[in-house]
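S.K.: Any chance you could fold what I've pasted below:
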Amino acid sequence: MARTGTEKAAAGATATESGETAAKAVRRRPKNRKAQIAAVAATAFSERGYHAVGVDEIAAELGISGPALYRHFPNKYALLVHAATSAADGLRTASAEALADASSDPRDRLERILTALIANTIDNRRVGGIYRWEGRYLEPTDRRRLREAFATVTEQVAAPIRQLRPQLSAEDATTLAAGALSVVGSITAHRTALSSRRTTSLILDACSAVVDTDLPPVEDSPKEPTPRGLPVTSKRELLIAEAVKIFDRQGYHESSIEEIGAAAGINASSVYRHFPSKADLLAAVFYRASDRLAAATAHALGSSSDRAEALEKLVDSYVELSFRTPAVLSVYFAEIGNLPQHERTNLRNIQRLHVEEWVSLVTAIRPDLSPPEARFLVHAALGLVLDVGRLVRFDVRQPDRLTAMMRAVLFEG
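M.R.: Below is the predicted model of the structure:
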């Protein structure tokens, strides 16, 4: 029997509603849902830290339930493994593909590899640094996989360096390769805006400056540390000193007030007389590091006759401080996401002011650079000390080598 116009309209409306419902269902379960979850998790881990992010937060950002997320990843740790290893594997793939297209000329091979790594890092800037800090929460097997990926990339960079500079030892070529990779990785440490084209050119020049650095020879025997005054007896200072060591060794979330107090010879209840919480103790560590950097900066500026000398002294003092207290440096970079929001904001402002002192000197010495360009180089130079310092385990025989690489980036990069 033929339907009336009203019936046809109703049927059409029903069909339309059914189609919209079906379309919504498709949108609720896209085929790339796993990739979406992984991307949101990687960004959250990179910006706020692994422990500060909950699975429910990740699910809520995507508009799905926790059980829906667990269909793709069994737990938060699986998300961390995926995020960290994907970032590392992405670099390894980019390097391998660049090598496949490169000529036999070592300079061409090196430039192609570095350009590919820079492009990959720019594309993944918000999450590309996750392996630098959050990778410490990986289980040994997963951490080993991460290290193997970076060892592969480092060797791919070191191989053409050895050809270009055959007089280098294998160790020196690897050190320079690690330095160049640190410069590339520094893109993820800040949010300064530059075009991709200019970023690539700037970072590639800084990498070349590192690769061409003449490294001072490593001394045959380590320097004996010079005694520096009397031991600290203040309970507050002892707590800060022990907290730095424990936060560096175990990470903030795996450390306890009881453990820190015991290391300082104080029971837990007495710790709270000096610091209301573990977060306040972490903040004290950051402020102490900032005070030391501010003092070093003031001395460098106050004792120099020109800006080039001031920048050289800043480099010297930063390297000296870093090798004298490497745990402070590691905690300073790795744990800022675990501070309360107001402390994090305040300390980031202090960090920016410190960086701007360096930027001011660099732009005065190199007027061809804009402040954003100089900022990229400053972050690259500062990151070098931590990345290569950790590689050489802050060997007290090697600070002069880090000084040489830092100066290369700032003065020649």
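S.K.: what does the helix or strand residue 61 falls within contact?
M.R.: In this assignment (DSSP states H and E), residue 61 forms part of helix 55-62. For helix 55-62, contacts defined as Cβ atoms under 8 Å, 6 or more residues apart in numbering pick out 33, 36-37, 40-41, 44, 65-66, 68-70, 75-76, 79. To be clear about C-beta, it is placed using only N, CA and C from the backbone, and glycine gets the same treatment.
S.K.: Can you tell me how far residue 378 is from residue 87?
M.R.: Distance, residue 378 to residue 87, by Cβ to Cβ, to the nearest Å: 24 Å.
S.K.: Equivalent analysis for residue 257, please.
M.R.: Residue 257 is 33 Å from residue 87, by Cβ to Cβ.
S.K.: Neighbour count for those two, which is higher?
M.R.: Using other Cβ atoms under 10 Å as the criterion, residue 257 and residue 87 rank with residue 87 on top: 25 against 19.
S.K.: Can you show me the CA trace of the helix holding residue 61 as PDB?
M.R.: In PDB, the C-alpha atoms belonging to helix 55-62 read as follows (Å, rounded to 0.1, in the frame of the first residue of the first chain):
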ATOM      1  CA  VAL A  55      44.200   7.000  33.300                       C
ATOM      2  CA  ASP A  56      40.800   8.500  33.900                       C
ATOM      3  CA  GLU A  57      42.100  11.900  32.900                       C
ATOM      4  CA  ILE A  58      43.400  10.500  29.600                       C
ATOM      5  CA  ALA A  59      40.100   8.800  29.000                       C
ATOM      6  CA  ALA A  60      38.100  11.900  29.800                       C
ATOM      7  CA  GLU A  61      40.100  14.000  27.400                       C
ATOM      8  CA  LEU A  62      39.100  11.600  24.700                       C
END
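S.K.: Residue 168: what's it in contact with?
M.R.: Contacts for residue 168 (Cβ under 8 Å, 6+ apart) come out as 161-162, 176.
S.K.: hang on, residue 348 packs against residue 332?
M.R.: No - look at residue 348 against residue 332 with Cβ atoms under 8 Å: they stay out of range, at 11.8 Å.
S.K.: Looking at those two, which has the bigger crowd around it?
M.R.: For the pair residue 348 and residue 332, the greater number of neighbours falls to residue 332 (23 against 12), based on other Cβ under 10 Å.
S.K.: Hmm, that one is touching residue 288, no?
M.R.: No - look at residue 332 against residue 288 with Cβ under 8 Å: they stay out of range, at 9.6 Å.
S.K.: and residue 131, how many neighbours does it have?
M.R.: Burial of residue 131 is recorded as 25 neighbouring residues (other Cβ under 10 Å).
S.K.: helices or strands next to the strand or helix carrying it in the packing?
M.R.: Assigned by DSSP H and E, residue 131 belongs to helix 130-133. Packing partners of helix 130-133 (3 or more Cβ pairs under 8 Å, 6 or more residues apart in numbering; DSSP states H and E): helix 33-48, helix 76-101.
S.K.: Quick check: mean pLDDT of that helix?
M.R.: Averaged across helix 130-133, the pLDDT comes to 76.
S.K.: so how far is it from its chain's centroid?
M.R.: 6 Å (Cα atoms, centre = their mean, to the nearest Å).
S.K.: List the contacts of that helix.
M.R.: 42, 45-46, 49, 83-84, 87-88, 146, 150, 185, 188, 333-334, 387.
S.K.: tell me which of the residues you listed is nearest to residue 250?
M.R.: When the contacts of helix 130-133 are compared for distance to residue 250 (Cβ to Cβ), residue 334 wins out at 11.5 Å.
S.K.: Report how many residues lie close to the closest residue to the closest one other than its chain neighbours.
M.R.: Excluding its sequence neighbours, the residue lying closest to residue 334 (Cβ to Cβ, 6 or more residues apart in numbering) is residue 133, at 4.7 Å. By the criterion of other Cβ under 10 Å, residue 133 has 20 neighbours.
S.K.: What separation do you get for residue 133 and residue 289?
M.R.: Using Cβ to Cβ, which is the criterion applied here, residue 133 is 16 Å from residue 289.
S.K.: And for residue 173?
M.R.: With distances taken as Cβ to Cβ, residue 173 is found 32 Å from residue 289.
S.K.: can you pull out the helices in the stretch 201-350 of the chain?
M.R.: 235-250, 257-263, 268-274, 278-302, 307-324, 326-334, 341-365 (DSSP state H, counting those that start in this stretch).
S.K.: and residue 254, how far is that from residue 277?
M.R.: To residue 277, residue 254 is 16 Å away according to Cβ to Cβ.
S.K.: picking up where we left off before, who wins for most neighbours among the contacts of residue 168?
M.R.: Comparing these by number of neighbours (other Cβ under 10 Å), residue 176 comes first, having 26 neighbours.
S.K.: domains of this structure?
M.R.: Following automatic domain parsing, one finds the domains of the chain at 34-211, 284-412.
S.K.: Figure out the length between the terminal residues of the longest one.
M.R.: Spelled out, it's domain 34-211. 39 Å (Cα to Cα, to the nearest Å).
S.K.: Could you grab the helix/strand/coil label for residue 64?
M.R.: coil (DSSP: H, G, I helix; E, B strand; the rest coil).
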